[in-house]
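# sequence and predicted structure below; questions after.
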Amino acid sequence: MRKHAFSTAEDLVSIRLPKKLAGKEVVLVDAAEYAALKRRLAEVSDALEKISRGDAAYRQGRTKTVSSLAELGR
């Protein structure tokens with residue numbers, strides 16, 4: 001994440017926010033950075049789901065413990 005120093009008054013831009021956001025913290029993110037963050041979130045969510053499914057299969061005894069890849073074919 002990038003950290004920015006506060007700018008002078010000449011560099012400020014005003015925007016209108018919906019009333020439902022009043023009093024809440026709001027963060028503006030560049031569209032390309034937002035897209036990259038969404039892709040990363042999808043990748044992490046997918047990985048966590050696979051881990052969860054594997055953990056459930058292990059607890060249910062549906063997995064096989066091997067010490068090498070050669071043992072998988074047996």
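Received, thanks. Numbering: from 1, shown residues only.

# report the central residue of the chain.
residue 41 (2.6 Å; CA atoms, centre = their mean).

# any idea how many residues pack against residue 68?
6 (other CB atoms under 10 Å). For glycine as for every other residue, the C-beta is placed from the backbone atoms N, C-alpha and C.

# go on, residue 36?
So residue 36, with other CB under 10 Å, has 12 neighbours.

# same check, this time on residue 61
Applying other CB under 10 Å, we find 7 residues neighbouring residue 61.

# how about residue 64?
By the measure other CB under 10 Å, the count of residues near residue 64 is 8.

# what does residue 35 give?
When neighbours are defined as other CB under 10 Å, residue 35 has 11 of them.

# ok, now how distant is it from residue 29?
Between residue 35 and residue 29 the distance is 10 Å, computed by CB to CB, to the nearest Å.

# just to revisit the earlier point, check whether the residue nearest to the centre of the chain sits in a helix, strand or coil.
What DSSP: H, G, I helix; E, B strand; the rest coil gives for residue 41 is helix.

# what sits against it?
Shown in contact with residue 41 (CB atoms under 8 Å, 6 or more residues apart in numbering): no residues.

# for this protein, which spans come out with low pLDDT?
Where the chain drops to pLDDT under 70, the residues are 1-9, 74.

# now the helices for it?
31-59 (DSSP state H).
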